[in-house]
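>>> What shape does this take:
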Amino acid sequence: MRQRRRFSWACACLLSLGQGCGGTQPTASQSAICAALSSNQTLLSANATVQCGGQDGRWSDYAAPQPGAVVTVGAEDDIATLVRLANALEVPFLLQSGANGWADTFALDTRGLVLDVSQLKDVAFNEARSQVAFQAGVLIEDLVAAAWQNNARVATGTCNCVSVLGAGLGGGLGRGAGLYGLGLDQLLAVHYVDAEGRQRTVTNASDADLWWAIKGAGPNFGLVTSVVYQSYAVAQADNTAWTGLLYFNDSAIEDIVGAIDRLALEPEMQLDFYFTQGLVAVLPFYLGDEATGRAKFASVLDIGPELDATAVTSYDAWNAAGDAFCAKGGRKPSYEANLQTLDPTAWRQVWDAYSLFYETYAEANLTTLLTECYSTAKMQEIGSAESAYPWRDIKCYSIVIPWYTSEALDAAANAFGQEVRSILSASSGTDAFSAYINFAHGDETLAEVYGDSLSRLQTLKKTYDPNGRLNQWFPLS
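Residues are numbered from 1 along each chain as shown. Now for the predicted structure:
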């Protein structure tokens, strides 16, 4: 009966668009969807657009999905309509917001459909600024700007061009993690389209199992269209922090790494560590005044940076240091390792590997190694029972990002990325290698990405997506 209903719905859709059904099921090809939607968009909202063929504008061209059609939806209802049509024609699909996903788990070829939600930008705070509702197309820069204008603060990621939910459903690390927890810890309600194309709302009270699974493995359980997040009322005058880049000579690497390893990050503190454009940089962050921030990070400052560009900065500019990473295009097959400890000897090896790659391949001069370190007390206080996210005790997340243009450099770039990941994982201080899903490459085992949550997630997957239709992002089936 299910197959008959799916076929009948497909025929109805195609007939309504002037397409013939004939006596057999329509061909399960992307061209059928593209032709149908291009000839008549009555199934979609007035603002929706259909692009037949591939897409441009992803953050990384490496292993990027290659759809036969891209539909930029004009309303949340469009997503449910498109999922039902794609299911009827057995066409794979992927929801896309910021287009920053870099993993090589995408299996979307020219038969596939991308549902682009970049127009879904509504943001609304409640009067107390304790909650904010926003749609799936909202980027971190959008939500930060709206919060700033509303005398509020929201726990978001640190890269302005990334989708809030793209990052948040997988974890959502950010400057506020020490005080507020992860991005997924901010969720109060989730509006989504399930694998069958039905629109639903889930909260912890309505379905505790699904709520747990969405918070850490969301793309495997639904296409999230909008959410309600916690927010925090903070007047603009008080919404500031001391932060900025410190540049060092590479001779200081062992001292820097040792200082970071010994640094006890308090809830108001966060730190990034970079190898970029042949330079060594540290970005301390302190949610408070400059004098106290300098005292908290004295062990790093005492090493003696060649340039100190730190200053008290307003909330709407906290992420500015990462804007260079937002440049779209190029090939960026990134590799990540979770770290509990930072070993100075290992990091000298990493610098040597980075320098060799950077100096050997001129086109790879934007290659970067980024390490983000966080206070974990709040994340561990919230606890693993609240979400599928498994890495609440990890101090640092280190990502090497080879960045180049020519496909001919893929083999060398991947070898370099794997070498760095191997060095770091061997000195990570963890019981076994693990990777944060938002930063992972895609060659990891599911256990290395989902940790102890894997078995329960796989069981729930059979209930909520038995046909495996939601299967593009580190698929559980």
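>>> Name the SS class of residue 321, please.
Secondary structure assignment for residue 321 (DSSP: H, G, I helix; E, B strand; the rest coil): helix.
>>> Secondary structure element holding the residue nearest the centre of the chain?
For the chain, residue 167 is the residue whose C-alpha lies nearest the centre (C-alpha atoms, centre = their mean; 3.0 Å). Assigned by DSSP states H and E, residue 167 belongs to helix 164-168.
>>> helices and strands around that helix, which ones?
helix 140-149 (3 or more C-beta pairs under 8 Å, 6 or more residues apart in numbering; DSSP states H and E). The C-beta positions use only the backbone N, C-alpha and C, and glycine is treated the same way.
>>> Check which strands are paired with whichever helix or strand comes after the helix it packs on and give the direction for each one.
Remark: after helix 140-149, the chain's next helix or strand is strand 152-153, criterion DSSP H and E. Using DSSP bridges, strand 152-153 pairs in its sheet with strand 232-233 (antiparallel).
>>> any idea of the mean pLDDT for whichever helix or strand comes after the strand it pairs with?
Going down the chain from strand 232-233, the next helix or strand is strand 240-243, by DSSP H and E. Strand 240-243 carries an average pLDDT of 98.
>>> hmm, back to that, show me what the helix or strand following the helix holding residue 167 is packed up against.
Going down the chain from helix 164-168, the next helix or strand is helix 177-180, by DSSP H and E. Contact here means 3+ C-beta pairs under 8 Å, 6+ apart; on that basis helix 177-180 packs against strand 269-276, helix 377-382.
>>> can you tell me the average pLDDT over the last one?
So that's helix 377-382. In this model, helix 377-382 has an average pLDDT of 97.
>>> Against which helices or strands is the helix or strand following that helix packed?
Counting by DSSP H and E, the next helix or strand C-terminal to helix 377-382 is strand 396-401. If contacts are counted by 3+ C-beta pairs under 8 Å, 6+ apart, strand 396-401 sits against strand 335-339, strand 368-374, helix 410-426.
>>> Check for me that residue 467 belongs to a strand.
No. Counting by three-state DSSP, residue 467 falls outside a strand, being coil.
>>> dump the residue contacts of the spatially closest residue to it that is not a sequence neighbour.
Among residues not flanking residue 467 along the chain, residue 195 sits closest, at 6.6 Å (C-beta to C-beta, 6 or more residues apart in numbering). Residues in contact with residue 195 (C-beta atoms under 8 Å, 6 or more residues apart in numbering) are 83, 87, 222, 464, 465, 466, 467, 469, 470.
>>> and the gap between the fourth one and residue 473?
Distance of residue 464 to residue 473, computed by C-beta to C-beta, to the nearest Å: 15 Å.
>>> which one of these two has more residues nearby?
residue 473 (22 against 18; other C-beta atoms under 10 Å).
>>> Check whether that one sits in a helix, strand or coil.
coil.
>>> State the distance from it to residue 357.
In this view, residue 473 and residue 357 are 28 Å apart by C-beta to C-beta.
>>> Same question for residue 233.
47 Å.
>>> More neighbours: which of those two?
residue 357 (22 against 16).
>>> circling back: would you turn the contacts of residue 195 into JSON lines with distance to residue 428?
Output for the contacts of residue 195, formatted as JSON lines (distance: C-beta to C-beta, whole Å):
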{"residue": "83", "distance to residue 428": "39"}
{"residue": "87", "distance to residue 428": "41"}
{"residue": "222", "distance to residue 428": "33"}
{"residue": "464", "distance to residue 428": "33"}
{"residue": "465", "distance to residue 428": "33"}
{"residue": "466", "distance to residue 428": "37"}
{"residue": "467", "distance to residue 428": "37"}
{"residue": "469", "distance to residue 428": "35"}
{"residue": "470", "distance to residue 428": "31"}
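>>> Now the buried members of those.
Buried residues within those, counting neighbours by 16 or more other C-beta atoms under 10 Å: 83, 87, 222, 464, 465, 469, 470.
>>> Out of the residues you listed, name the ones that lie in helices.
Counting by DSSP state H, the part of these found in helices is 83, 87, 464.
>>> Test my guess that the last one contacts residue 221.
Yes. Under the criterion of C-beta atoms under 8 Å, residue 464 lies in contact with residue 221, with a separation of 5.2 Å.
>>> shared neighbours, these two?
By C-beta under 8 Å, 6+ apart, the residues touching both residue 464 and residue 221 are 194, 210, 213.
>>> Name the nearest of the residues you listed relative to residue 125.
Using C-beta to C-beta, residue 210 comes nearest to residue 125 of those, at 26.4 Å.
>>> Would you mind naming the helix or strand containing that closest one?
Here residue 210 is assigned to helix 208-217, by DSSP H and E.
>>> what residues does the helix or strand following that helix touch?
Next along the chain after helix 208-217, taking DSSP H and E as the criterion, comes strand 223-230. Around strand 223-230, the neighbours that count as contacts under C-beta under 8 Å, 6+ apart are 76, 79, 83, 95, 115, 117, 120, 122, 130-136, 154-155, 165, 169, 180, 186-193, 199, 214, 218, 470.
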